[in-house]
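Chemist: What shape does this take:
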Amino acid sequence: MGFERELEQERRNLPFPGRGGSRGYPQWFRQVEVDGRRMGRDPIAASTRSVIRWEHRIHPYRMTGNTSRKKLVGPDQLLLVVFFLVWPCGDADECAAFIFNNGGDVYSRQAIADRLGELQLSRKVSSTEAYQAFHPINMMKCELFFSSPPPLGIFGVPRRKFIDVDEFGISLERMNPKYGVSLKCFRVCKPGHYVRGTKLTVLFAIEPGDPRLPPATYGSVAWPRRWIQVLQATGTTSFVCNAFIEHICSNIEQHGIPLNHLDTDEHRVFLWDNLNSHSSPLVSQTVEARNGPHRFSSQPRPPYQLKYGPIEYKILDLLNETMKHIDANSSTQDLEHQILAASSRINSFDATFDHCGYA
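Modeler: Residues are numbered from 1 along each chain as shown. Down below sits the predicted model:
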């Protein structure tokens, strides 16, 4: 902890051990030279003085460098690590104050930043998780979700059988640049749209794909299926959600993977959050009470745990892809068109399911 040269990188091509500044001869070679001298043999590569010295001390000294580290070593380094372990969103000034208040020295921002880099600690964008996710009941639900078989969890269900469903709202509002350039005595004024009030509700569902299908087949990992519906309305009622689920089930029943070929569409499991419309009797009836060889069931994801929803990541990809084709002259109809077009361009659903922990 705080030792000199603890972060030293090994060189790929070490210099000859007899040269100054090298790592020296390995211990096994030193032992060979010492044994040879005792048998009356001349040294192989080392000098006679080195072999005589090895007879008294065969273990090399630890290489400490010419100058010992002075900043953020020992207890101060421990305080640095403890601070960012407890307050990962703290800054360098707060860390310096914490170290000083606990008996350490005063350090600059640069010294703290340099030490963090040497310790492989980087500053990045943080994510916020709801306090409710840490309630004992919700933590237990999360554990049961991955460790229990249906209907309590998803343990034992192949990843290829999941369909993750979610919805989100989007609208076009201000699309005007905030700043401009003009003479000091004049304000910047330009024509443009002011505000848009129409909000779109997007229902989106994805599957990871079946790795057993050829890459060029719709429904494979390379070309997974996705279902999307865009409505000019606010909110997702039970009727809207039920119509979307009915569309997915009917599409699989009519155009799914043949059951005599693979069993992927024999039983599909819907994953979604704990929105009331998802657990309504109407949706449950649509999912569970279907006639035919295809069976469907649903499993709510752990509450307040967005990181376990693959669809959440793909919604961000969908929005990012959509915004690339929207400008200040775009209308709500253009936004709707670009959302539908972007949904066919995003991919890598199976990798996202794997990232979220689905086996």
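Chemist: which stretches of the protein have low pLDDT?
Modeler: Segments of the chain classed as low confidence (criterion: pLDDT under 70) are 1-15, 18-22, 63-68, 174-176, 192-197.
Chemist: Can you give me the buried ones in the helix or strand containing A342?
Modeler: Under the criterion DSSP states H and E, the helix or strand holding A342 is helix 332-343. Residues of helix 332-343 classed as buried: 332, 335-336, 338-339, 342-343 (neighbour count, 16 or more other Cβ atoms under 10 Å). No exception for glycine: its C-beta is placed from N, CA and C like everyone else's.
Chemist: closest to P150 among the residues you listed?
Modeler: Nearest to P150 among the buried residues of helix 332-343: S343, at 28.7 Å, using Cβ to Cβ.
Chemist: That closest one: what's it in contact with?
Modeler: If a contact means Cβ atoms under 8 Å, 6 or more residues apart in numbering, then S343 has 204, 226, 228, 318 as its contacts.
Chemist: immediately after the helix holding A342, which helix or strand?
Modeler: Using DSSP H and E, the helix or strand that follows helix 332-343 in sequence is helix 349-355.
Chemist: Check the offset of that following helix from the chain's centre.
Modeler: A distance of 11 Å separates the C-alpha centroid of helix 349-355 from that of its chain, computed with Cα atoms, centre = their mean, to the nearest Å.
Chemist: helices and strands around that helix, which ones?
Modeler: With contacts defined as 3 or more Cβ pairs under 8 Å, 6 or more residues apart in numbering; DSSP states H and E, the secondary structure elements packing on helix 349-355 are helix 310-323.
Chemist: Could you check the helix it packs on and say which residues are buried?
Modeler: By neighbour count, with 16+ other Cβ under 10 Å as the criterion, the buried positions of helix 310-323 are 310-315, 317-318, 321-322.
Chemist: Tell me if P208 really is in a strand.
Modeler: No. With DSSP: H, G, I helix; E, B strand; the rest coil as the criterion, P208 is coil rather than part of a strand.
Chemist: In strands only, show me the contacts of S343.
Modeler: 204, 226, 228 (DSSP state E).
Chemist: Tabulate the contacts of S343 in JSON lines, adding columns for distance to L121.
Modeler: What follows is these, written out as JSON lines (distance: Cβ to Cβ, whole Å):
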{"residue": "F204", "distance to L121": "36"}
{"residue": "R226", "distance to L121": "38"}
{"residue": "I228", "distance to L121": "40"}
{"residue": "L318", "distance to L121": "33"}
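Chemist: Just give me the closest of those to G90.
Modeler: Among those, and counting by Cβ to Cβ, the member closest to G90 is L318, at 33.8 Å.
Chemist: Quick check: the gap between L116 and N102.
Modeler: Here the distance between L116 and N102 works out to 18 Å (Cβ to Cβ, to the nearest Å).
Chemist: Show me which of these two is the more surrounded one.
Modeler: Shown here are L116 and N102; by other Cβ atoms under 10 Å, L116 has more neighbours (18 against 13).
Chemist: Touching, the more buried one and S122? I think so.
Modeler: Yes. Here L116 lies in contact with S122, judged by Cβ atoms under 8 Å, at a distance of 7.5 Å.
Chemist: What are the boundaries of the helices in the protein?
Modeler: In the chain, the helices defined using DSSP state H lie at 27-38, 48-56, 75-86, 92-101, 109-118, 136-147, 238-255, 281-288, 310-323, 332-343, 349-355.
Chemist: Report the angle between the lengthiest strand in the chain and helix 238-255.
Modeler: Across the chain, the longest stretch assigned as strand under DSSP E is strand 162-171. For strand 162-171 against helix 238-255, the angle by axes from the mean of the first three to the mean of the last three Cα atoms, to 10 degrees is 130 degrees.
Chemist: tell me which residues in strand 162-171 are buried?
Modeler: Residues of strand 162-171 classed as buried: 162-168, 170 (neighbour count, 16+ other Cβ under 10 Å).
Chemist: Give the other helices and strands that it contacts.
Modeler: For strand 162-171, the contact count by 3+ Cβ pairs under 8 Å, 6+ apart identifies strand 199-206, helix 238-255, strand 267-272, helix 310-323, helix 332-343 as packing neighbours.
Chemist: in the second one, what's buried?
Modeler: Within helix 238-255, the residues that count as buried by 16+ other Cβ under 10 Å are 238, 240-245, 248-249, 252.
Chemist: Give me the neighbour count for D263.
Modeler: Taking other Cβ under 10 Å as the criterion, the count of residues near D263 is 14.
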